[in-house]
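> A structural model of the following input is requested.
(2 chains)
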Number of protein chains: 2
Amino acid sequence: MNIEELKKLAKLIRYYSLISTSKAGSGHPTSSFSATELMTGLMFGGIFRYDLEDPELANNDRLIFSKGHASPLFYSLYGAAGKISETELKTLRKFGSMLEGHPTPAFPYTEVATGSLGQGLSVGVGMALNAKYLDKLPYKTYVLLGDSEMAEGSQWESIQIAAHYKLNNLIGIIDVNRLGQTGETMYGHDLKAYESRISSFEWQTYTINGHSFEEILEAYKQAQNAKKPVMIIAKTLKGKGASFLEDKNGWHGKTLDKKLEEKLLDELGKVDKSITGKISAPENKQPRKMGIEKPQEPVYEPGQRVATRKAYGQSLVWMADEYPEVVALDAEVSNSTYSELLKKAKPERFFEMFIAEQNMVGTALGLARRGKIPFVSTFAAFLSRAYDQIRMSQYSGDFANIKFAGSHTGVSIGQDGPSQMALADIALFRALIGSTVLYPADAVATKRLVKAATDKKGIVYLRLTRKDTPVIYKDDEPFPLGGSKTLKESSNDEITIVAAGVTLYEALAAHKTLEEEGVSTRIIDLYSIKPIDEKTLLKAAQETREIITVEDHYKTGGLGEAVMRALADEKVPVHSLAVGKMPRSGTPDELMDYEEISRNAIVRLVKKITS
Amino acid sequence: MNIEELKKLAKLIRYYSLISTSKAGSGHPTSSFSATELMTGLMFGGIFRYDLEDPELANNDRLIFSKGHASPLFYSLYGAAGKISETELKTLRKFGSMLEGHPTPAFPYTEVATGSLGQGLSVGVGMALNAKYLDKLPYKTYVLLGDSEMAEGSQWESIQIAAHYKLNNLIGIIDVNRLGQTGETMYGHDLKAYESRISSFEWQTYTINGHSFEEILEAYKQAQNAKKPVMIIAKTLKGKGASFLEDKNGWHGKTLDKKLEEKLLDELGKVDKSITGKISAPENKQPRKMGIEKPQEPVYEPGQRVATRKAYGQSLVWMADEYPEVVALDAEVSNSTYSELLKKAKPERFFEMFIAEQNMVGTALGLARRGKIPFVSTFAAFLSRAYDQIRMSQYSGDFANIKFAGSHTGVSIGQDGPSQMALADIALFRALIGSTVLYPADAVATKRLVKAATDKKGIVYLRLTRKDTPVIYKDDEPFPLGGSKTLKESSNDEITIVAAGVTLYEALAAHKTLEEEGVSTRIIDLYSIKPIDEKTLLKAAQETREIITVEDHYKTGGLGEAVMRALADEKVPVHSLAVGKMPRSGTPDELMDYEEISRNAIVRLVKKITS
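From the prediction side, this is the model:
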């Protein structure tokens, strides 16, 4: 569309942003106004290629509103494109509306939920990686960024990785409107500050007037043939279009009352509601098909000593042949997590994300949103570095089809000390809506659960162990999600011991000692912590006097509290053995004894209860 | 000491790094070798000013090993200074040794626990801020950084903020040894890549040969009079000093076996153990004293409607007068968290940290380590962005005397939607060793708990509410840590309802409705979630049939599971009402009804149980 038409559309879009937020009584009109030309030019200026009838089309360009609080603008763009009515726009932020306060997939044109700042660019990295290295499609990925959010370190992770992977199909647009929530940003309207910093990372930069369609369209055109990732740094005014709000502090996240709304409507003048924004059609190319080889399932012998992290790597290679969508990301510890096995077997399916976990998780979400099944691995302790990204990904629902593999869990990692020990990871992943939390004890359980994780849509967490553990299950043993394994059971069990992973071996050893002393205990391997096998736990609660849980994890939010919750309606006492003292360096056995999660601690507690 | 002596010391330090790791059988000798000259030159070349007899002296220069895995080098420096014997060095990584795998305060010269990469620079920012703006002392803060960890976004947050605050007393040293754990870093030995990026953020940079004492000392000398923060970018060889390991991949985190150890001992040649490193004396200046004004305690009237976040801001101003150590940091939302009240009252005690939560938390740790009491505020959801930093801070024990204030908790924030709602924050803070978790319902409780938090050493989390709530407590009501308030109680209570914060009002309303229908309920305000008031909960468990918990938080790891744990030994059913459905936009009341944590949901559940 020509510039005159774009100006008409921009006026219509400002009008929609205004009336929807005024009606809602909350939201961010001024942050929407500043980026109106930038987004109008992109979508309707012949740049963006997208089939509005088929949002999931593989050839569509992608647009992510990293500054999710500009959702009124986001929705208004689709209003101008004729996909949402004015009446619908007026449901903004209402209960039940698809137009939530910050974009979520409730609205069909949302790529991923945003609203926690500094996350959109990493999602864009994932989509651009997919286009360039996996699907090999010409689509481009655009990310609208706020200037305030450039303070977030995650942005600079993405900037580094995008340059490393030469993602010349990724285009960021910074809406430099100078003002954050409370005042001026670090760099205000100093576009050169952004330009020098971002170009030092080997990005192509363009500085423009973000309200000039001529400059906007020229920058987008140049960006089409870039040799590097592109950042368009646009000087804008917050509240642009409302002379009484423009560039004024104190208007972040504030809507206009009736009087001011009318004042602005006056200022906007006649709005042409008959115009409809046209978006260019995407190309129609086929995504590259992955070559498939015959999957080789790893096989384990009873008694064989294999760390579950190693079985994870072996299973990942198996899955990659079975599922062409499977890819792996790792934060520079692939020789510890054994994702290096996939890197060696299929280098084109492995992406080194370096020590930048936040971007890694965002990238995984971008890959997942483009149909891949990313396995994300690092030391589980360092997944906490990306917890805000993990938290946000849950709000993309099933689109967040990400599998997290955390190695080096618990004090049983030993000498490296607490900084490397994951001790709250079960709590972190259990907390997510719709998540699955799995904790295999041996290599057989691991391979079955890696397969189950691949098949299960959504966020799945696999808790892995550093040290070797003996194979205790038959190679064909099934491990359904939500199940458990009762390994020791008799009609005269007094106490039930619920364990998982590394503590299962402690429970089994305690069982043996206690049996020799005439005390019968039931042993349950709770490999599926979420969903949890309530049925088996209830049976144990009814058939034995008391329950003991044992976990190499902090007391809070882990296996113990999961069992307490499952049995909260029952009148059975639950005793939890878990990490409670300040962890430190030592051998695994010393530390498990010290934290009272060892076989000795279990035996002591059982004797105390039964004596 | 002169260069010949420094060379002798470097040899001795390499020797110590070698024999301690060989004895331990794990650890990072090659990462220690690469930085040996950099650290030897700093400590013993007349640069570093420190009183080894008084590590806590306010005038001491500060040294943080951000690359905490180089702990063998860290400990060996103090060996060379005569503060640890060779015998002690050989206890590295053993259970009970003060020489843990990664530095912790068990070793008296450790500033803060490190080992999760990319965190030391932000701690340094806190210490440098303290020197420049609070204590006004001339000490300098040095941070040893690995090249791999420069991929972490947190580094670039610190780099931005340090330049913003013109911290020319902060000196970073990047040990560019080219190799990460699995292979080459993003930039390898390209020092210019680091230089152009870091200098673009307005830092002074020096690129040097990191094994040349001449170049090292010259850079440190120049850094003393810098006008900006300084980064020394040093080209080094991983494994330097061991010809057969130098610059070789595959040696990260690997120790030398007996044969290789002997080979290296041969290559090192005669080690002079008689030499002792001398460190220059620090200055002896007095920290600036804060002017104290008469503290003005805020006063609240029963029935007055005040959001607890606002009462937090008011109490913060009160505390700042009572405690000269109190300072506040906020991530660009101080008008939402009301920390702006302190910013207005005492601008010199408030530090704007922009939208960069990871650096904010590290900076707080640095300030706390220098004797301040930092209050860190933002939307509670965004504290999750810094969870790895929060996690690590617990391992600095009481040194992590940080108060976290999280506003906008739960679905009751309303229209902004899930991205802005903290729903796992209680779980995150409960998980930390030694933490305190507080959740005031009204303004009176808030001010008492802000005071209690200030007095309590260590990590304290205050959960704050966005919306106004009526004052229900008398202005002089005490709120001891570990306590609770039983607001409704009678001898014929059938059910106990345990609530906190915003759900307390729902519980009180439900109580009234149920009372009118002849059902008597006990209402407990569990304002102290950790430590928890077991005594009152046990009493309720014994005196009423069942317990209901109600919380505006996810089901996992929160108030409900805290109560389940407290009552796990009891034969009383605990029913938990908590957020379990995908949250969305809506009014607070709509959302609390939708998630079944409202007065209506409580009444329904009580009737179900009692019918």
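> count the residues that sit near residue A:254.
Applying other CB atoms under 10 Å in any protein chain shown, we find 16 residues neighbouring residue A:254. (Glycine included, C-beta is placed from N, CA and C.)
> what does the one 4 residues further on give?
Residues contacting residue A:258 under the criterion other CB under 10 Å number 8.
> before we move on, what about the one 10 residues further on?
Applying other CB under 10 Å, we find 15 other residues in the vicinity of residue A:268.
> which residues does it contact?
A:11, A:14, A:15, A:18, A:241 (CB atoms under 8 Å, 6 or more residues apart in numbering or on different chains).
> of these, closest to chain B?
Distance to chain B, by CB to the nearest CB, is smallest for residue A:18 among the contacts of residue A:268, at 17.0 Å.
> which parts of the stretch 1-150 of chain A are strands?
For the stretch 1-150 of chain A, the strands defined by DSSP state E, counting those that start in this stretch occupy A:62-65, A:141-146.
> still on that earlier bit, so which of the contacts of residue A:268 belong to helices?
Counting by DSSP state H, the contacts of residue A:268 place A:11, A:14, A:15, A:18 in helices.
> from chain B, how far out is the nearest residue to the third one once chain neighbours are set aside?
On the basis of CB to CB, 6 or more residues apart in numbering or on different chains, the spatially nearest residue to residue A:15 that is not a chain neighbour turns out to be residue A:271, at 4.6 Å. With distances defined as CB to the nearest CB, to the nearest Å, the gap from residue A:271 to chain B amounts to 25 Å.
> and residue A:538, by the same measure?
For residue A:538 relative to chain B (CB to the nearest CB), the value is 13 Å.
> can you tell me the SS state at residue A:529?
Assigned by DSSP: H, G, I helix; E, B strand; the rest coil, the conformation of residue A:529 is strand.
> what about it, how many residues close to it?
The local packing of residue A:529 (other CB under 10 Å) involves 25 other residues.
> next: residue A:572.
Other residues close to residue A:572 by other CB under 10 Å number 18.
> any idea whether the residue in the stretch 351-500 of chain A positioned nearest to chain B is helix, strand or coil?
Nearest to chain B in the stretch 351-500 of chain A, going by CB to the nearest CB, is residue A:419, at a distance of 2.6 Å. The three-state label given to residue A:419 by three-state DSSP is helix.
> quick one, helices of the stretch 501-611 of chain A?
A:502-516, A:534-543, A:559-566, A:588-594, A:599-610 (DSSP state H, counting those that start in this stretch).
> related to what we said a few turns ago, of the contacts of residue A:268, just the buried ones, ChimeraX syntax please.
Here is the ChimeraX selection string for the buried members of the contacts of residue A:268, based on 16 or more other CB atoms under 10 Å in any protein chain shown:
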select /A:11,14,15,18,241
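> farthest-apart pair in the contacts of residue A:268, please.
Pairwise distances among the contacts of residue A:268 were taken by CB to CB; the largest, 10.5 Å, belongs to A:11 and A:18.
> dig out what residue A:231 forms beta bridges with.
Beta-bridge partners recorded for residue A:231 (DSSP bridges): residue A:172, residue A:205.
> dump the residue contacts of it.
Per CB under 8 Å, 6+ apart, neighbours of residue A:231: A:171, A:172, A:173, A:174, A:194, A:198, A:203, A:204, A:205, A:206.
> ok, which pair from the residues you listed is furthest apart?
Maximum distance among these (CB to CB): 14.9 Å, for A:171 and A:194.
> quick one, which of these two is more surrounded?
When residue A:171 and residue A:194 are compared for neighbours, residue A:171 comes out ahead with 27 against 20, by other CB under 10 Å.
> any stretches of the stretch 301-450 of chain A with poor pLDDT?
Residue ranges of the stretch 301-450 of chain A with pLDDT under 70: none are present.
> what ranges do the strands span in it?
A:305-307, A:326-330, A:350-352, A:373-379, A:403-407, A:436-438.
> could you list every helix and strand in contact with the last one?
Counting contacts by 3 or more CB pairs under 8 Å, 6 or more residues apart in numbering or on different chains; DSSP states H and E, strand A:436-438 is packed against helix A:425-430, helix A:443-455, strand A:460-463, strand A:528-530.
> would you indicate which residues of the longest one are buried?
The neighbour-count criterion (16+ other CB under 10 Å) identifies A:443, A:444, A:445, A:446, A:447, A:448, A:449, A:450, A:451, A:452, A:453, A:454 as the buried residues of helix A:443-455.
> of all the residues you listed, which comes closest to residue B:279?
residue A:446 (50.6 Å).
> shouldn't the closest one be in contact with residue A:311?
Yes. If you go by CB atoms under 8 Å, residue A:446 and residue A:311 touch, sitting 3.8 Å apart.
> which neighbours do these two share?
residue A:440.
> what parts of the stretch 101-250 of chain A come near chain B?
A:101-102, A:104, A:106, A:113-118, A:148-149, A:151-157, A:160-161, A:164, A:180-183, A:185-186, A:196-197, A:199-201 (CB under 8 Å from any CB of the partner chain).
> oops, could you answer that again for the stretch 451-600 of chain A instead?
Within the stretch 451-600 of chain A, the positions lying close to chain B (CB under 8 Å from any CB) are A:554-557, A:560-562, A:564-565, A:568-576, A:580-587, A:590-591, A:594.
> list buried residues within these.
Using 16+ other CB under 10 Å as the burial test, these include A:554-557, A:560-562, A:564-565, A:568, A:570, A:572-576, A:583-586, A:590-591, A:594 as buried.
> quick revisit: redo the strands of the stretch 1-150 of chain A as JSON lines? Include mean pLDDT.
Formatted as JSON lines, the strands of the stretch 1-150 of chain A follow (pLDDT from 0 to 100):
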{"stretch": "strand A:62-65", "mean pLDDT": "98"}
{"stretch": "strand A:141-146", "mean pLDDT": "98"}
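> just the ones you listed: most buried one?
strand A:141-146 (a mean of 28; mean count of other CB atoms under 10 Å in any protein chain shown).
> what lies in contact with the helix or strand just after that one?
Next helix or strand after strand A:141-146 toward the C-terminus (DSSP states H and E): helix A:153-164. For helix A:153-164, the external contacting residues (CB under 8 Å, 6+ apart) are A:118-119, A:121-122, A:124-125, A:128, A:145, A:149, A:170, A:198, A:201-203, A:228-229, A:353-354, A:356, A:358-359, A:362-363, A:389, B:151-157, B:186, B:356, B:358-359.
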